[in-house]
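**Q** Fold the stuff below for me.
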Amino acid sequence: MTPTTAAAPPFKITVQPSGRSFEASEGEAILSAGIRQGIGLPYGCKDGACGSCKCKMLEGRVEHGPHQSKALSAEEEAAGLILTCCGVPLSDVVLESRQVTDESAFPIKRMPARVSSLAKVSHDVMVVRLQLPANDTMRYHAGQYVEFLLRDGARRSYSMANAPHTAGGQPGAVPPVGPSVELHIRHMPGGKFTDHVFGAMKEKEILRIEGPYGSFFLREDSDKPIVLLASGTGFAPIKAVIEQLQFKASTRSATVYWGGRRPADLYMDAWLREKLAEMPNLRYVPVVSNALPEDNWTGRTGFVHRAVLEDLPDLSGHQVYACGAPIVVDSARTEYSAAAGLPPEEFFADAFTSEADKAQP
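**A** So this is what the prediction gives:
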């Protein structure tokens, strides 16, 4: 009779200060285990490339899989920081992540979604609206995202650009009407998914999505003034947060800094200016980094995250919500803390890490 080898017992992962806990199976990364059990740990790429999931390990031992040094340096690892996306526990682990709250634990659902409309709003940005099933409502926070499940097993992540209250839906109607979500998809030439979006995709096409994911959403338990920092299509979740602020009749001061290479990259500039007229506490600072003479640009220039520091050299009393290219998000995180006194726990971020970013050595 051949003896059987018992599976190793799962390790307990505890997240402070929320006190929430979950179990990780043998060989399972902490982030995967957390997502599986509805714990809203922060993350971006899930491939060790962006550093968005980095957090402090208070107790325990973790073994890291392959990752980029820009996401976690040897010095940071020696100081007790880990990447939950590729960190596999070797014991029970206690983490510190102030972004984990009970609020973020909306159930993650997998469902079909029908393309209800396609609108090209710039040369490389498509606004895609998806109709969700009427009988399977997905609850989400303004700022969270969904993942497309592609046929080959690959996934692509896109933020919802509309706040939950705008999603609509009438499950009791005849026929029932499901909610809809808005996505802003930038064309990455050669990218199999975005080539499809900008080429063969048609209305009524059925896709499969999973969500909501992410810890990037408005913290409504604070009255601190807000900086909303976006680059490119990082504006999508910022748009949802703006809609949420308006819906809640928030009196908090909020300033949007939106950066693009050229003015056309600010593809919803007109929408944002309309909101300024409706929301007295909202300000908007567009920033362009590579304007050409024919653009006739007379506004702010340079790096969008630097424009914030020029206007607000003291961020110690603010909250910052940043979304866009990893270089923008990472630079803002570092410089706002070091140069402007922003408390690290008041910086909330989603970095858009493309397949090209992940492929870098």
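**Q** where's the closest residue to residue 67 other than its chain neighbours relative to residue 197, distance?
**A** Ranked by C-beta to C-beta, 6 or more residues apart in numbering and with sequence neighbours excluded, the top spatial neighbour of residue 67 is residue 48, at 2.9 Å. Quick note: C-beta positions are derived from backbone N, CA and C, even for glycine. Here residue 48 is placed at a distance of 27 Å from residue 197 (C-beta to C-beta, to the nearest Å).
**Q** can you confirm residue 63 is in a strand?
**A** Yes: according to DSSP: H, G, I helix; E, B strand; the rest coil, residue 63 belongs to a strand.
**Q** In contact with it, which residues are there?
**A** Applying C-beta atoms under 8 Å, 6 or more residues apart in numbering, one finds that residue 63 lies in contact with 87, 88, 90.
**Q** wait, isn't the second one in contact with residue 66?
**A** So the one you mean is residue 88. No: counting by C-beta atoms under 8 Å, residue 88 sits too far from residue 66 to count as a contact (11.8 Å).
**Q** which one of the two has more residues nearby?
**A** The neighbour comparison of residue 88 against residue 66 (other C-beta atoms under 10 Å) goes to residue 88, with 20 against 8.
**Q** Just give the nearest non-adjacent residue to that one, would you?
**A** Of all residues not flanking residue 88 in the chain, residue 63 sits nearest, at 5.1 Å (C-beta to C-beta, 6+ apart).
**Q** pLDDT value on the one you found, please?
**A** At residue 63, the model reports a pLDDT of 94.
**Q** quick one: it and residue 11, what's the gap?
**A** 12 Å.
**Q** List the residues that are in contact with both of the two.
**A** Common neighbours of residue 63 and residue 11, counting by C-beta under 8 Å, 6+ apart, are residue 90.
**Q** which helix is the longest one in the chain?
**A** Counting residues, the longest helix in the chain under DSSP state H turns out to be helix 326-340.
**Q** Report the distance from the helix or strand just after that one to the chain centre.
**A** Next helix or strand after helix 326-340 toward the C-terminus (DSSP states H and E): strand 347-351. The chain centroid and the centroid of strand 347-351 are separated by 7 Å, computed with C-alpha atoms, centre = their mean, to the nearest Å.
**Q** CA atoms of strand 347-351 as CSV?
**A** Output in CSV follows, covering the C-alpha atoms of strand 347-351 (Å, rounded to 0.1, in the frame of the first residue of the first chain):
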residue,chain,number,x,y,z
PHE,A,347,-1.8,58.1,-1.8
PHE,A,348,-4.2,55.9,-3.7
ALA,A,349,-3.1,54.6,-7.1
ASP,A,350,-3.8,52.5,-10.1
ALA,A,351,-0.9,52.1,-12.6
